[in-house]
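Colleague: Take this sequence and fold it.
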Amino acid sequence: MMIFIGGQPVPLARIRCRNLDAWSQPAGNIVAIDTATGRISLGPVAAAAGPVTVWFHHGFPGDLGGGPYRRRAWLINAPGGTQILPVDGSGDPGTFGTINAALTQWVTLGKPNCIIQMRDNRTYAEAIAIEPADNRFIAIEAIDSKRPHLCLSRPLIISGDHDSSTVTLGGLLIEGRVEITGSLGGLRLIHTTLVPGVSIAAPDPAAPPPPPQPTEPSILAAMTRPNGSPANTELRVEAAFSIMGPLRLPEHAEALVLLDCIIDGLDIAAIGGPAANSFGPASRIERSTLRGTMRFRQIDLGSESIFDGSLTVLRQQTGCLRFSYVQENALTPRRYRCQPSLAIRKAIDAAGPMTPAQIAVLRQQIAQRVAPEYVSEAYGQPAYLQLSDGGPIEISTGAEDGSEMGVWCHLKQPQRAANLKLRLEEYLPFGLSAALIHAN
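Modeller: I've put the predicted structure just below:
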């Protein structure tokens, strides 16, 4: 970690490591850092010296959400004629200092196909509103290996009736939420984080505790137009390698597609419609982890995913769930090698003849044992929703190829661990054995 105050680097002699779980202020020009949580506290002299800039790295199991890692293959392959509007803090000619300045230029140019290209890791504290043009796209996308931070003062509004338009967010860390107030054709999130719970800011220790606020969805799409007709009937929400909080999408929307994503419902339903107890759209979900109550019109395919919560699907005669964790009493389309149903069936077959009461007890025992266990359930922790070593092997090796179910399936950790053990044993001295000790 490197800290700059007023544009000048803080020398190591002025830095102290300290536990800041309970906020405290150091003396003078000292800077205290909590190496476990990343919290920083400035002494009164240091705090008066100017704005603070921090360069840091954070731990995470893989390349997921907004992060400063390589993702060149996921950048938009812009067609000819696409307008590129660079945004950074350099002040160079042809660049824009804010996202809103770039959006103003896009409007001035007549709203062509456009990529607002974020070129640094700064924090952009703005209020953003977009009304796309018909049959065109607009994207706010970070360049390779950059992760700008958008701190929204209000929801990112996408307005107007534009069923043929697409808005893309790529490579961003967003504190805030997206609200589609009109009608949109497509919303795409690629390697982007919409912070579950909206904000990552810790409360001010000197201020009185704020009143509890209801959890807000990360994406909210309108159900109807002002004239009462259905809105967002053509809407496709597509996300890959992204982290989001709850989603509220109309049942009549065209589709929700999740690839290698986290949907964290926190204390409310993870997926559903904008109205209370309503259902979300038809969905395709692969290698993802979803936590909380989920309501879908239908699931065309759910593969190698963890549905950690109550799941209800209206149309159960179509679609399939395969190699996934889903509660046994969930209302779903047909299942293939899903847990804990598969483990329960194997246990009943192995136990032989039993009374209905004994079968019920066995079902309950297996269902309690074969359930996801995580190292951490708190967003922002290095092991966020990483499966625990002490969890059931049926989930940690339950994907089609023997890797784990859920969002970290793409890491292929069981295969990597087995290959490492095999190679270690080839070169160990006689009488010694190898063991793996995970950092998280």
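Colleague: Quick check: the closest residue to residue 413 other than its chain neighbours vs residue 306, distance?
Modeller: Closest residue in space to residue 413, ignoring its immediate chain neighbours: residue 404 at 6.3 Å, by Cβ to Cβ, 6 or more residues apart in numbering. (Glycine included, C-beta is placed from N, CA and C.) To residue 306, residue 404 is 9 Å away according to Cβ to Cβ, to the nearest Å.
Colleague: And these two? Which one has more around it.
Modeller: residue 306 (28 against 25; other Cβ atoms under 10 Å).
Colleague: who's in contact with that one?
Modeller: Contacts of residue 306 were listed using Cβ atoms under 8 Å, 6 or more residues apart in numbering, and they are 288-290, 324-325, 372, 395, 405-407.
Colleague: how about low-confidence regions in this structure?
Modeller: 202-206, 440 (pLDDT under 70).
Colleague: one step back: between residue 404 and residue 306, what contacts are shared?
Modeller: Joint contacts of residue 404 and residue 306 (Cβ under 8 Å, 6+ apart) are residue 395.
Colleague: which residue sits closest to residue 265, ignoring its sequence neighbours?
Modeller: residue 292 (2.2 Å).
Colleague: which stretches of the stretch 51-200 of the chain form strands?
Modeller: Remark: strands assigned in the stretch 51-200 of the chain by DSSP state E, counting those that start in this stretch are 52-55, 83-87, 114-118, 123-126, 129-130, 137-142, 149-152, 156-158, 161-170, 173-175, 178-180, 183-190, 193-194.
Colleague: Need the CA coordinates for the first one. PDB is fine.
Modeller: Included here for strand 52-55 are C-alpha records, laid out as PDB according to Å, rounded to 0.1, in the frame of the first residue of the first chain:
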ATOM      1  CA  VAL A  52      -5.600  11.500   0.400                       C
ATOM      2  CA  THR A  53      -4.800   9.100  -2.400                       C
ATOM      3  CA  VAL A  54      -4.100   5.400  -1.800                       C
ATOM      4  CA  TRP A  55      -2.600   2.800  -4.100                       C
END
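Colleague: Can you name the residues in contact with that strand?
Modeller: Residues from elsewhere that reach strand 52-55 (Cβ under 8 Å, 6+ apart): 1-5, 7, 40, 42.
Colleague: Just checking: what are the partner strands of it?
Modeller: With DSSP bridges as the test, strand 52-55 is paired with strand 2-5 (antiparallel).
Colleague: Which among the contacts of strand 52-55 count as buried?
Modeller: The neighbour count (16 or more other Cβ atoms under 10 Å) marks 3, 5, 40, 42 as buried among the contacts of strand 52-55.
Colleague: Quick check: the farthest pair among these?
Modeller: Greatest spatial distance among the buried ones among the contacts of strand 52-55 (Cβ to Cβ): 5 and 40, at 10.4 Å.
Colleague: and which of the buried ones among the contacts of strand 52-55 is nearest to residue 78?
Modeller: residue 3 (36.8 Å).
Colleague: Identify the residues contacting the residue nearest to that closest one when sequence neighbours are not counted.
Modeller: The spatially closest residue to residue 3, leaving aside those adjacent along the chain, is residue 10, at 4.5 Å (Cβ to Cβ, 6+ apart). Taking Cβ under 8 Å, 6+ apart as the contact definition, residue 10 lies against 3-4, 31, 46.
Colleague: ok, now how distant is residue 10 from residue 294?
Modeller: Going from residue 10 to residue 294 by Cβ to Cβ gives 46 Å.
Colleague: Please apply the same query to residue 307.
Modeller: Counting by Cβ to Cβ, the gap from residue 307 to residue 294 is 6 Å.
Colleague: okay, now the domains of the chain?
Modeller: 2-55, 72-203+213-338, 340-365 (automatic domain parsing).
Colleague: Please identify the most buried of the ones you listed.
Modeller: Burial of these is given as mean neighbour count (mean count of other Cβ atoms under 10 Å); domain 72-203+213-338 ranks first at a mean of 19.
Colleague: can you tell me the distance between the two ends of it?
Modeller: 34 Å (Cα to Cα, to the nearest Å).
Colleague: out of the contacts of residue 10, who's nearest residue 379?
Modeller: Using Cβ to Cβ, the contacts of residue 10 come closest to residue 379 at residue 3, 24.0 Å.
Colleague: residues contacting that closest one?
Modeller: Per Cβ under 8 Å, 6+ apart, neighbours of residue 3: 9-10, 15, 31, 33, 40, 52-55.
Colleague: Tell me what it is bridged to.
Modeller: On the basis of DSSP bridges, residue 3 is bridged to residue 54.
Colleague: gap between it and residue 54?
Modeller: Applying Cβ to Cβ, the value for residue 3 to residue 54 is 6 Å.
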